[in-house]
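Undergrad: Build the 3D model from these lines:
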Amino acid sequence: MKPTIGKTAFLNARLLDPASGLDTLGGVLTDGETIAAFGPEVTAGMLPPSAERVDCHGLCLAPGLVDMRVQLCEPGFEHKETIASAGRAAVAGGVTAMACLPNTDPVIDNDAVVEFVARRARLAGLTKVYPYGAATKGLAGAEIAEIGLLAESGAVAFTDGDRAVASPMVMYRLLSYAASFGHLIVQHPEEPSLGGGDMNAGTIAGRLGLSGSSPAAEWIMLERDLRLVEVTGARYHAAHISTAESVEIIRRAKAKGLSVTCDCAPPYFLLTEDAVGEFRTFAKLSPPLRREADRAAIIAGLKDGTIDCVASDHCPQDADSKRKTFHDAAYGGIGLETLLPATLELTRAGGLSLLDALAKVTVNPARLLNLPGGRIAVGAAADLVIFVPGREWTVSAESLLSKSKNSPFDENPMTGAVVRTVIDGRSVFVGNEVPA
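TA: Sure thing, here's the model as predicted:
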């Protein structure tokens, strides 16, 4: 039995709702698990005596973040992350919903594993978890998974996670089938024969003696896939794009009217290959960090709407997986707790408005995955984040709540901190004291 949740009023806030363009001073009244009222009219004077009052002191109140690309590692890799530990990190970062990749053990390629993940998330009682289904059986890239059954069990879209569907015939069949039912296919765009290197191919890789992944690995796969999208009419999403050419390819595809969307992760608009430094394994990511020209193109794509969403690309790796030579270290970085401040940086360095930046992590991914969150509306789930946009802090990997500590932003300054996270009307995180 869930505990009964009464009415709570969040007062004196700067209300931000990218879905409606709302940016005003006011409050939000929740009743149980849903939003009952919001706007300037929500004041202390209109509340019943029984309502709990939370004074926001003029801080920003927005829909909770929707993170569309997270590796939870459970089942199978609980030494890296669990649903519970990821949930704690997520709520500390203002993330109220996240879509988890299927590269678990066993793989999320049948309804039993979908139901296992959903049940474990309910037991954790923190951030809402929506599983992706595997695009191919066992993520092997050879045979299409049981997409229809996975969708009926609650899979929100289909992907092979951090692996590309490399076979053109398998991708053609996958897109053709998905198009018949309106399912979304999410691709890790990397031609395997050109990718898989230690870092971005170029002069820095050469100087360090590391193998390079050609940027062409990304855009060649995109070009191939978008030709197949044109033939099949399917819905296609390119994950964590990282190159200038990829932005231009997707821009052209959208201009042609293809049903294509994409996301990027904060490392690709805040960092470059220079972050590898002297073999810094926390900066070993997939795709790799690119050049400054690519970073600038990613920001331009975010600003003009070519890039629809920002996802954390949360990929936990335990210390033993990263404490190796650069070549042998695992790919990936955590990002749940830095997603909000990293996205807010787009308002300072990228020229996006605050509402446009927040849209990339709220309403846009919610709409794309057909999830119920991402907006402030009467009757909507009371999933909210209250944050201080100007608070400065320094990322310390050891202080982060993820079970793994491999943040590519370790020791980097950030601006923007979560004060409170609310899910279904419950305050699941309260921290970072409100300034007097």
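Undergrad: ok, longest helix in this protein?
TA: Secondary structure assigned by DSSP state H gives helix 216-232 as the longest helix of the chain.
Undergrad: The helix or strand following that helix pairs with which strands?
TA: Using DSSP states H and E, the helix or strand that directly follows helix 216-232 along the chain is strand 235-238. Sheet pairing here is set by DSSP bridges, and for strand 235-238 it gives strand 184-187 (parallel), strand 260-264 (parallel).
Undergrad: And whichever helix or strand comes after the longest one, what does it pack against?
TA: By that I understand strand 260-264. The helix or strand immediately downstream of strand 260-264 is helix 267-270, counting by DSSP H and E. For helix 267-270, the packing partners by 3 or more CB pairs under 8 Å, 6 or more residues apart in numbering; DSSP states H and E come out as helix 292-304, helix 339-348. To be clear about C-beta, it is placed using only N, CA and C from the backbone, and glycine gets the same treatment.
Undergrad: Pick the most deeply packed of the ones you listed.
TA: Mean neighbour count (mean count of other CB atoms under 10 Å) peaks for helix 339-348 among these, with a mean of 23.
Undergrad: by contact count, what packs against that helix?
TA: By 3+ CB pairs under 8 Å, 6+ apart, helix 339-348 packs against strand 65-70, helix 267-270, helix 292-304, strand 309-310, helix 354-359, strand 384-394, strand 413-423.
Undergrad: so that helix versus strand 413-423, what angle?
TA: Using axes from the mean of the first three to the mean of the last three CA atoms, to 10 degrees, the direction of helix 339-348 lies 130 degrees away from that of strand 413-423.
Undergrad: So, low pLDDT: which residues of the stretch 301-436 of the chain?
TA: Residue ranges of the stretch 301-436 of the chain with pLDDT under 70: 432-436.
Undergrad: hmm, back to that, mind listing what's buried along the longest helix of the chain?
TA: 217-226, 228-230, 232 (16 or more other CB atoms under 10 Å).
Undergrad: Then stretch 311-328?
TA: Buried, per 16+ other CB under 10 Å, within stretch 311-328: 311-318, 321-322, 326.
Undergrad: Tell me which stretches of the stretch 1-150 of the chain form helices.
TA: Along the stretch 1-150 of the chain, counting by DSSP state H, counting those that start in this stretch, helices occupy 83-92, 111-124, 147-153.
Undergrad: hang on, T159 packs against Q187?
TA: Yes. The pair T159 and Q187 passes the contact test of CB atoms under 8 Å, sitting 6.9 Å apart.
Undergrad: Identify the contacts common to those two.
TA: The contact sets of T159 and Q187 overlap at A239 (CB atoms under 8 Å, 6 or more residues apart in numbering).
Undergrad: Those two: who's more crowded?
TA: Counted by other CB atoms under 10 Å, T159 and Q187 do not tie: T159 has more neighbours, with 28 against 23.
Undergrad: if I pick the more buried one, what's in contact with it?
TA: Here T159 is in contact with 101-102, 132, 134-135, 185-188, 239 (CB under 8 Å, 6+ apart).
Undergrad: and E245, what are its phi and psi?
TA: Backbone torsions of E245, given as degrees, to the nearest 10, read phi -60, psi -40.
Undergrad: So the residue nearest to it when sequence neighbours are not counted versus D162, what's the distance?
TA: The shortest distance from E245 to any non-neighbouring residue, by CB to CB, 6 or more residues apart in numbering, is to W219 (4.3 Å). Distance from W219 to D162, counting by CB to CB, to the nearest Å: 18 Å.
Undergrad: cool, and D17?
TA: 33 Å.
Undergrad: Switch the helices of the stretch 1-150 of the chain over to a markdown table; also include distance to N200 and mean neighbour count.
TA: Shown next, in a markdown table, are the helices of the stretch 1-150 of the chain (distance: least, CB to CB, whole Å; neighbours: other CB atoms under 10 Å):
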| stretch | distance to N200 | mean neighbour count |
| --- | --- | --- |
| helix 83-92 | 28 | 25 |
| helix 111-124 | 33 | 17 |
| helix 147-153 | 34 | 18 |
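Undergrad: now for those, which one comes closest to E273?
TA: Evaluated over those, closeness to E273 peaks at helix 83-92, with 26.6 Å, by CB to CB.
Undergrad: so E337, which of the three states?
TA: Three-state assignment for E337 (DSSP: H, G, I helix; E, B strand; the rest coil): coil.
Undergrad: residues in contact with D109?
TA: By CB under 8 Å, 6+ apart, the residues touching D109 are 102, 133-134, 136-139, 145-146, 150.
Undergrad: most surrounded residue in those residues?
TA: Result: A134 is most packed of the contacts of D109 (other CB under 10 Å), 30 neighbours.
Undergrad: In this structure that one contacts F158, no?
TA: Yes. A134 lies in contact with F158 (CB under 8 Å); the separation is 7.0 Å.
Undergrad: Between the two, which contacts overlap?
TA: 145, 150.
Undergrad: quick revisit: with mean pLDDT and distance to G350 as added columns, please give the helices of the stretch 1-150 of the chain in TSV.
TA: TSV is the format used below for the helices of the stretch 1-150 of the chain (pLDDT from 0 to 100; distance: least, CB to CB, whole Å):
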stretch	mean pLDDT	distance to G350
helix 83-92	98	24
helix 111-124	94	33
helix 147-153	96	35
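Undergrad: Format those helices as TSV; extra columns: distance to G202.
TA: Shown next, in TSV, are these (distance: least, CB to CB, whole Å):
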stretch	distance to G202
helix 83-92	33
helix 111-124	39
helix 147-153	39
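Undergrad: Quick one, which of those helices gets closest to T43.
TA: helix 83-92 (27.7 Å).
Undergrad: circling back: ok, the residue nearest to E245 touching I250?
TA: No. When contacts are counted by CB under 8 Å, W219 is not listed as touching I250 (9.6 Å).
Undergrad: just to revisit the earlier point, please tabulate the helices and strands packed on helix 339-348 in a markdown table, including the columns distance to G212.
TA: As requested, those are arranged in a markdown table below (distance: least, CB to CB, whole Å):
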| stretch | distance to G212 |
| --- | --- |
| strand 65-70 | 24 |
| helix 267-270 | 17 |
| helix 292-304 | 14 |
| strand 309-310 | 26 |
| helix 354-359 | 32 |
| strand 384-394 | 31 |
| strand 413-423 | 29 |
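Undergrad: if we can go back for a sec, with respect to T394, which of the helices and strands packed on helix 267-270 lies nearest?
TA: Of the helices and strands packed on helix 267-270, the one closest to T394 (CB to CB) turns out to be helix 339-348, at 11.0 Å.
Undergrad: Was I right to think V395 contacts P408?
TA: No. Using CB under 8 Å, V395 makes no contact with P408, being 9.3 Å away.
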